[in-house]
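# Pasting a predicted model and its sequence here:
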Amino acid sequence: MLTVRPVRTADLPAIEKMAVESGIGVTSLPNSRERLFERIQQSVSSFEHEAVADTSDEYYMFVLEQHGSVVGTASISASAGFDEPFYSYRSETFVHASRTLKVNNRVHVLNMCHDLTGQTQLCGFFLDSAMPAVAGELLSRARLMYIAAERERFGRRIIAEMQGIHDEAGQSPFWDAIGRRFFNMDFVQVEQAFATHSKTFIAELMPNYPIYVPLLPDEAQHSIGQIHPAFELPCQLLTREGFEADNYIDIFDGGAVLTADVDRLETLMRNDVLPVEVSASLPLQAKECLISNEHSIDFAATIARVAEVGGVLFINPDAAKALGVQSGDRVRVAYPHESSQGVAA
């Protein structure tokens, strides 16, 4: 059975392997044993906090487990850029006009900003390529189930950076057109620096003036707001939730930054907390749903066939074991998206 739970220190070797396999662009999953261990320890500490008055530097890392093996990971940063600004490019339009020449031109520009600093961020998503789409949905949505259960820990707005366009050699047309001119570093090198060092180098080296998009090479212009094929699944899952591409893009590869109102996400709007009844024989109306327990340290989520009867949620023993619940406990159930035919559609 597929189960999502908080990361443990013992998961470090599996997380290291995924960091290597994730390749270029997933800076929230750095290929550094030391940094990964720090992330895991930060996550363990965050889950152990019983209550958080305000969002701060809490970081929640989850893993997807199948038959005792870790096959995926995804995280939540309670406050993006809590200790350092969260940089991005804001896409804007400048108007250049001359009444004398009767010219009025609207020009696309990019302005470096940290408008998104302090917003809750979904990050660190990685799933074994052999896993089915339903596993990706469970891994992605389980984070939202945790937010629903621990709403006070997170902010009003939420963001997710999508990996931008680059080739197998790590060449990014957006980076080559802008960043390389100020850093004199390859895209791969700057991604590694971003994942393992302080982010102050961005403010120190990147231009503070607007970037006029028409002056960029065509390939760089076409890459703005585009998403790497490897991120199509997480992008589809988040779009189905209600995330939208906003006027922000990643400062390095130009990938889209998705944003949303936390309380207007599908999973948060369409879930119930119900007492559970464990039964080996489920009612005929049972259907696959996403369910999670109401624990924090021992949070768990899975997808299983359930049936609601008279305000009670019937689940089978395997699901109860995965969630660590028994009859009489309360669980949270999220229903299939309105646009879906099933939980994995």
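In hand now; what should we look at? Residues are numbered from 1 along each chain as shown.

# what sits against Val331?
By Cβ atoms under 8 Å, 6 or more residues apart in numbering, the residues touching Val331 are Val273, Leu274, Val276, Ile291, Ser292, Asn293, Glu294, Leu313, Ile315, Leu323, Val325. C-beta here means a position set from N, CA and C on the backbone, and glycine is covered the same way.

# Just the ones in helices from those, please.
Cross-referencing the contacts of Val331 against helices under DSSP state H gives Leu323.

# out of the contacts of Val331, who's nearest Ala177?
Closest approach to Ala177 among the contacts of Val331 (Cβ to Cβ): Ser292, at 43.7 Å.

# So what's the residue count around Ile249?
When neighbours are defined as other Cβ atoms under 10 Å, Ile249 has 25 of them.

# shaky segments in this protein?
Applying pLDDT under 70 to the chain flags residues 24-27, 51-55, 194-200, 337-345.

# per-domain residue ranges of it.
In the domain annotation for the chain, the residue ranges read 2-87+114-264, 270-334 (automatic domain parsing).

# Can you give me the neighbour number for the spatially closest residue to Asp128 that is not a sequence neighbour?
Of all residues not flanking Asp128 in the chain, Val71 sits nearest, at 4.3 Å (Cβ to Cβ, 6 or more residues apart in numbering). Other residues near Val71 come to 20 when the count uses other Cβ under 10 Å.

# pretty sure Val71 is in a strand, no?
Yes - under DSSP: H, G, I helix; E, B strand; the rest coil, Val71 falls within a strand.

# CSV for the domains of the chain, including distance to His96?
Converted to CSV, these look like this (distance: least, Cβ to Cβ, whole Å):
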stretch, distance to His96
domain 2-87+114-264, 10
domain 270-334, 47
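
# circling back: the residue nearest to Asp128 and Phe231, how far apart?
As judged by Cβ to Cβ, to the nearest Å, Val71 and Phe231 stand 18 Å apart.

# Which parts of this structure are helices?
Shown for the chain, the helices assigned by DSSP H span residues 12-22, 33-48, 133-149, 173-177, 179-183, 187-196, 200-205, 218-223, 232-241, 266-269, 317-323.

# nearest to Pro6, of those helices?
helix 33-48 (4.9 Å).

# Ile315: what's it in contact with?
Ile315 neighbours (Cβ under 8 Å, 6+ apart): Val276, Glu277, Val278, Ser279, Leu282, Ile291, Ala304, Arg305, Val306, Leu323, Val331.

# rerun at 6 Å
By Cβ atoms under 6 Å, 6 or more residues apart in numbering, the residues touching Ile315 are Val276, Val306.

# now it: how far from Tyr59?
Using Cβ to Cβ, we find Ile315 at a distance of 30 Å from Tyr59.

# And Phe82, by the same measure?
Counting by Cβ to Cβ - Phe82 and Tyr59 are separated by 9 Å.

# These two: which has the busier surroundings?
Neighbour count, other Cβ under 10 Å: between Phe82 and Tyr59, Tyr59 has more, with 24 against 16.

# what's the burial count for the nearest residue to that one once chain neighbours are set aside?
Distances taken as Cβ to Cβ, 6+ apart put Gln42 closest to Tyr59, at 4.6 Å, once the chain neighbours are dropped. Neighbours of Gln42 under the rule other Cβ under 10 Å: 17.

# wouldn't Gln42 be in contact with Asp57 here?
No - Gln42 is beyond contact range of Asp57, at 7.5 Å (criterion: Cβ atoms under 6 Å).

# about what we covered before: indicate which one of the domains of the chain is closest to Ser98.
domain 2-87+114-264 (17.1 Å).

# Between the two ends of that closest one, how far is it?
With Cα to Cα, to the nearest Å applied, domain 2-87+114-264 spans 27 Å between its terminal residues.

# ok, back up a step: looking at the domains of the chain, which is closest to Lys102?
Using Cβ to Cβ, the nearest of the domains of the chain to Lys102 is domain 2-87+114-264, at 20.3 Å.

# just how off-centre is that closest one within its chain?
For domain 2-87+114-264, the separation from the chain centroid amounts to 6 Å (computed by Cα atoms, centre = their mean, to the nearest Å).

# how many neighbours does Trp251 have?
Check again: residue 251 is Ile, not Trp. 26.

# what about the closest residue to it other than its chain neighbours, neighbour count?
Excluding its sequence neighbours, the residue lying closest to Ile251 (Cβ to Cβ, 6+ apart) is Tyr87, at 5.0 Å. Close neighbours of Tyr87, defined as other Cβ under 10 Å, add up to 20.

# Quickly note the distance from Tyr87 to Val107.
Distance of Tyr87 to Val107, computed by Cβ to Cβ: 22 Å.

# List the contacts of stretch 151-167.
So stretch 151-167 is contacted by 25, 52, 55, 78, 116, 119-122, 147, 172, 223, 226-228, 231, 235, 238, 250, 253-260, 262 (Cβ under 6 Å, 6+ apart).

# And those, which of them are buried?
Buried members of the contacts of stretch 151-167, scored by 16 or more other Cβ atoms under 10 Å, are 25, 55, 78, 116, 119-122, 147, 172, 223, 226-228, 231, 235, 238, 250, 253-260, 262.

# wait, what's in contact with Val109?
Applying Cβ under 6 Å, 6+ apart, the residues near Val109 are Glu92, Phe94, Pro210, Tyr212.
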